[in-house]
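# need coordinates for the following:
(2 chains)
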Amino acid sequence: MTPTSNYSFPMTFHSILHKSVNVIIKEKTPVAPDFLVDLNLDQIINTITTGKEEYNLKQYYFTPLSDLDIIRYRHEILQDLENPILFEYLKSFAAGMRAMREDLVQKEKLYYKYQYKQLFLDSAKIYCEAVKTLGDDLSEVNLKSQGLLSFLEYLKNYIQSHSFTKLCAETNKIINDLSTIRYCLTFTDLQVEVHKYESETDFSTEIEEAFAKFKQGAVSDYKVKYSHLLKMNHVEAKILERVAMLYPNIFMDLDTFCVEYLDYADKTIVIFDREIQFYISYLEYLAIFKQEGFKFCYPEFSNPQKGVYDYEVFDLALSYKLINEKSSVVLNDFYLENKERILVVSGPNQGGKTTFARTFGQLFYLASLGLQVPGRKAQLFLFDNLFTHFEKEENIQNLHSKLEDELVRIHDIFDQATPDSIIIMNEILTSTTLQDAVFLNKKIMEKIIQLDLLCVWVTFIDELASFSEKTVSVVTSVVPENTALRTYKIVRGPANGLAYTLSMVEKYQLTYEVLNQRIKS
Amino acid sequence: MKAFLMFENSNFSMQQKLPWNEKALIQDLELNTLFNGMAQGDNFIAEVAMKAVLSGVYNDVNTILYRQNILKDSLINASIIKKMYKISVEAIESNKKSYLSEFSLCYPTTTLQNAVGVMQLFVKFLQQLRTIADNYSDNFHSEGFTMLFAMLKRELDDEFFNRVKNHLQELKLENGILLSAGLGKGNTGTHLILHRFLVKRESWFRRLFPKKSSSYSFSIYHKDDRGMRILSDMKGEGVNLVANALAQSADHINSFFTMLQTELAFYMGCLNLHEQLTQMGEPTSFPSPLAKELHKHSFEELHDTCLALTLKQKTVGNTTNADDKTLVLITGANKGGKSTYLRSIGLSQLMMQCGMFVSAITYQSSLCDSLNTHFKREEDITMKSGKLDEELSRMNDIINHLTPSSIVLFNESFAATNEREGSEIARQIVNALLEKRIQVFFVTHLYDFANSIYVRKLANVISLRAERQNDTSRTFRLIEAEPLKTSYGEDLYNKIF
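Coordinates of the predicted model:
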């Protein structure tokens, strides 16, 4: 007899993550694909989900969408959630549900019946309050998203249902009754006497009064923290037994309750509690950046066209670290229009090339999850597959040479890549002579151009930059007044491998002109 | 209960904020000599003296006079002051001992026992204070002491002592323990509170077997060690609040004694210092603190207290009338007493402002709310900045902290560069200070600077000069005279050619 399960409301609400039910998500946490590691998305996702392990959110973050409709569904929900009031409401709902679960976990560990029964009762109370509060809270907010609106409707019906109202009433009554109980203990030698409380005087207040005149300010707290083990010992159990004898009716009600409401939590609500955390976790993460003035936007999608852009973008993983170190973060802009498909990034080492490549990949990936992306204004492309090729440490077990190994991996990419894929190349095929490297890189470039897919290519080979009308050369720039200072900013411009070395010479005033003036003849 | 011996209506805080330049003041004015002289080996007095002296710049005229009166009382009744100081020290010591010996604070029953023990000792010391108040209050006339003794008589009356004795007796818990509790999470017992057994009229029998309501009992098997431990834990939890209340009350009484000790410590320090100065034959007198706006600064026979303490003998004093002067320019030969003079200016100002006497025959001065020293320093050991750079940086700090009623003492500042540059820097700074009527005492060898100011014959500038004589005495009086030209270069040239 479990009256709280098996609702059959005529609701269209299925999931806050998907519009329809036919999306199956594996319960097992999938392993992060390789490209997530290359793009530091694994770090980002770890940061986002830390402390929320109970929701098993990684599976959502590991599952890019292929349907623009669902992306819009999620955008709407996120836009609703940008209302800080709603956000706080959902967070306190989550806190309630978490407290409920903790009670139920604790309950399993207890031995004495009036102990675990009380915890069960307590969990039901927390559940009732969390659900009711959420119902009130959501009704108060002006919701616009289809997802949250249909959830609210479901929730309202549930709250008004007979079984839920009855659950709440019963829970409250017993909780109240228990809280009114106050009993006395008299200790004489080894005897413990349990009796009802009759207004006795509190000794500690009398002491405080007697010495109040000496009060000088804050003093230390001598109270010992009694962290009551929830698990009772046998003496406490004996006392509780006798308290139950002093108040038999209240404890009988508790017995009945535990049988009648064995499975009280509604499944749809339980799943909502978990899935909404996908959004909450991401927005909490973004808040760290928004507080520092970084901008995020809901990207437009160019599909099937491939003109993309985003302004004031940054690497989330790196910026997270820099914010913690109170260092400043560099923002970048990029765009690809008309026939442009490939950004070829060149410039000095440690100049921000790889960071830019990662940023690019992060943007498209996060967009594919239906989330906001870094940047002021963005138009991106929904890919069918995202590939990265970053230089790897040599693998001894692999009999191929490093160069060969790389070519094999690149070949694998081309086996799967379609014109709708995105490829991110970072200093590939460098473990050979320059002549070889130029040759190989050009060959790969030809293939990419042929596929007409979007690509970022970090390289020291200047020739790639002006390879075709589909390639755009971008370089890391320097501060005009101090050419040795790297800005980590990526701008369009011709590739020039010497620029950085020259800037160092100027900084130390060792250029020909300066030396002429400094050295007195 | 407050002592109010330092301020008319607030406590003297050992945590108070001291002037930003406390370290520079201590170093430049050699204040540690003063503090040690006051302390006579009592570190606590030294610390109080430091806070009191350095925080003096925040005091108003009333506070200074309030303390002067208390100090006058103390000088007359030195033995009683010392006795009260001793009582507070002993009370605090006894508390420390009893807590250190049993630091098992995780058992409220132990805490309670300790607190009962400490309280019994405290009661003894409180009674001693009360006795002093009863016997000697008539010998004191200052507002501060009159209030203190009246308060002791009022608050520590017989009724208080009786009540405390009864409570302490009951808290030995010799008659068993009565607790109440409610049901917490998982129905565990919670909010255990100790209650007093009902009024004495009720019989012992009624107490244990109240007739109205039913009760259920059980016993712990006498070999059930764990059960017994649980019982004593529950008792512990029950007395938790009471133990806390009593231990905190003990802390409060301890704080009371600490406060009394602190505020008496200042006067103890003054008594110690007075004794030494009198022995050496140094003059002492209570200065006249004047309003900031009056721009007064004059004295007769002002001595450098720290120099006297170091030499342990009578020193030479100086007499200056710098009323309405903004700049006192001090030049002259080395070892002529310029630095001593400058230090005595700073020192006496601080001593006056904290309520002490000064080493002078007469002394009057307007209060300042910021005293600054810009003394020549040894080479910067950190090597981070050049010497002039360091001097200018310190000057910048001072400028950042200047208030309208500030005093700045310069001792051979800006000598790290050549005379022309140094003079120009000094001129620029001093002229600005003059315009803002910041009081400046400037000891300098920069003749170009000193003379350029002197020749303007400004009404608010006075020029003093130190003479070096073929005598064994270390310090000499400064005389009012034009800046001395030290023409080493010319001398040298003449000597060689």
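
# please name the residues that touch residue 90.
Picked chain A for this. For A:Leu90, the contact set (C-beta atoms under 8 Å, 6 or more residues apart in numbering or on different chains) comprises A:81, A:134, A:276, A:280. Where you see a C-beta, it was placed from the backbone N, CA and C, and this is true even at glycine.

# the chain in question should be chain B.
B:Phe125.

# which of the three states applies to it?
When classified by DSSP: H, G, I helix; E, B strand; the rest coil, B:Glu90 comes out as helix.

# number of residues surrounding residue 218?
If you meant another chain, say so; for now it's chain A. If you count neighbours by other C-beta atoms under 10 Å in any protein chain shown, A:Ala218 ends up with 9.

# please refer instead to chain B.
14.

# and if you look at B:Pro404?
Residues near B:Pro404, counting by other C-beta under 10 Å, number 12.

# quick one: buried residues of stretch B:39-56?
B:39, B:42, B:44-46, B:48-56 (16 or more other C-beta atoms under 10 Å in any protein chain shown).

# can you map out the strands along the stretch 401-521 of chain A?
A:422-426, A:454-458, A:471-478, A:486-492 (DSSP state E, counting those that start in this stretch).

# for the first one, which outside residues touch it?
Strand A:422-426 is touched from outside by A:35, A:38-39, A:354, A:357-358, A:360-361, A:364, A:381, A:383, A:385-391, A:413, A:417, A:444, A:448, A:453-459, with contacts defined as C-beta under 8 Å, 6+ apart.

# sorry, back to before: which of the contacts of A:Leu90 are buried? Put it as a PyMOL command.
Buried residues among the contacts of A:Leu90 (16+ other C-beta under 10 Å), as a PyMOL selection:
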select buried, chain A and resi 81+134+276+280
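
# inside helices: which ones of the contacts of A:Leu90?
A:81, A:134, A:276, A:280 (DSSP state H).

# closest one of those to chain B?
Chain B has its nearest neighbour among these in A:Leu134, at 23.4 Å by C-beta to the nearest C-beta.

# separation between the closest one and A:Ala94?
Using C-beta to C-beta, to the nearest Å, A:Leu134 is found at 10 Å from A:Ala94.

# shared neighbours, these two?
Contacts common to A:Leu134 and A:Ala94, judged by C-beta under 8 Å, 6+ apart, are absent.

# let me know the pLDDT of A:Met1.
pLDDT recorded at A:Met1 is 35.

# also the one 5 residues further on?
Confidence per residue is given as pLDDT, and for A:Asn6 that number is 40.

# return the distance of B:Leu484 relative to chain A.
44 Å (C-beta to the nearest C-beta, to the nearest Å).

# how many other residues sit next to that residue?
For B:Leu484, using other C-beta under 10 Å, the count is 18.

# what's the answer for B:Gln169, then?
10.

# how about the strands of the stretch 401-521 of chain A in CSV, adding mean neighbour count and mean pLDDT?
Shown next, in CSV, are these (neighbours: other C-beta atoms under 10 Å in any protein chain shown; pLDDT from 0 to 100):
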stretch, mean neighbour count, mean pLDDT
strand A:422-426, 24, 93
strand A:454-458, 25, 94
strand A:471-478, 21, 82
strand A:486-492, 18, 75
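
# so where's chain B shaky on pLDDT?
B:99-105, B:198-213, B:334-335, B:378-389, B:416-421, B:468-476, B:485-497 (pLDDT under 70).

# distance between the longest helix along it and the chain's centre?
With DSSP H setting the assignment, residue counts place helix B:225-280 as the longest helix in chain B. Between the centre of helix B:225-280 and the centre of its chain there are 20 Å (C-alpha atoms, centre = their mean, to the nearest Å).

# what's the answer for stretch A:322-337, then?
20 Å.

# any buried residues in that stretch, and which?
So, applying 16+ other C-beta under 10 Å, buried residues of stretch A:322-337: A:322-323, A:329-334, A:336.

# mind listing the strands for the stretch 51-200 of chain B?
Under DSSP E, counting those that start in this stretch, the stretch 51-200 of chain B gives strands at B:177-183, B:189-195.

# list the contacts for the closest residue to B:Thr310 other than its chain neighbours?
Spatial nearest neighbour of B:Thr310, excluding adjacent residues (C-beta to C-beta, 6 or more residues apart in numbering or on different chains): B:Thr33 at 5.8 Å. Applying C-beta under 8 Å, 6+ apart to B:Thr33 gives the contacts B:306, B:309-310.

# could you tell me the model confidence score at A:His195?
87.

# no wait, A:Tyr285
96.

# what secondary structure does it sit in?
A:Tyr285 is classified as helix under three-state DSSP.

# which residues in the stretch 101-250 of chain A form strands?
Going by DSSP E, counting those that start in this stretch, the stretch 101-250 of chain A shows strands at A:182-188, A:191-196.

# partner strands of the first one, parallel or antiparallel?
I take that to be strand A:182-188. Sheet pairing of strand A:182-188 (DSSP bridges) gives strand A:191-196 (antiparallel), strand B:177-183 (antiparallel).

# thinking again about what came up before, A:Ser473: which of the ones in helices among the contacts of A:Leu90 is nearest?
Nearest to A:Ser473 among these: A:Leu81, at 40.2 Å, using C-beta to C-beta.

# wait, that closest one touches A:Ile280, no?
Yes. The criterion here is C-beta atoms under 8 Å, and A:Leu81 meets it with A:Ile280 at 7.4 Å.

# please enumerate the shared neighbours of these two.
Common neighbours of A:Leu81 and A:Ile280 (C-beta under 8 Å, 6+ apart) are A:87, A:90.

# returning to what we had before: turn the strands paired with strand A:182-188 into JSON lines, columns for mean neighbour count and distance to A:Cys297.
Formatted as JSON lines, the strands paired with strand A:182-188 follow (neighbours: other C-beta atoms under 10 Å in any protein chain shown; distance: least, C-beta to C-beta, whole Å):
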{"stretch": "strand A:191-196", "mean neighbour count": "19", "distance to A:Cys297": "66"}
{"stretch": "strand B:177-183", "mean neighbour count": "21", "distance to A:Cys297": "54"}
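
# thinking again about what came up before, out of the strands of the stretch 101-250 of chain A, nearest to A:Asp263?
strand A:182-188 (33.1 Å).

# avg pLDDT for that closest one?
On average, strand A:182-188 scores 88.

# got the residues of the stretch 1-150 of chain B near chain A?
B:1, B:11, B:105-108, B:111, B:115 (C-beta under 8 Å from any C-beta of the partner chain).

# mind redoing it with 7 Å?
For the stretch 1-150 of chain B, the contact set with chain A under C-beta under 7 Å from any C-beta of the partner chain comprises B:1, B:105-106, B:108, B:111.

# is it true that A:Asp202 touches B:Leu192?
No. In this structure, A:Asp202 is not within contact of B:Leu192 by C-beta atoms under 7 Å, at 11.6 Å.

# of these two, which one has the most company?
B:Leu192 (19 against 16).

# how far away is that one from B:Glu47?
Taken as C-beta to C-beta, the span from B:Leu192 to B:Glu47 is 43 Å.

# tell me which stretches of the stretch 351-497 of chain B form helices.
B:387-401, B:419-435, B:447-454, B:488-496 (DSSP state H, counting those that start in this stretch).

# try the stretch 401-521 of chain A
A:402-416, A:434-451, A:499-507, A:512-518.

# which SSE is B:Met6 in?
According to DSSP states H and E, B:Met6 maps onto no helix or strand at all.

# thanks a lot, see you next time.
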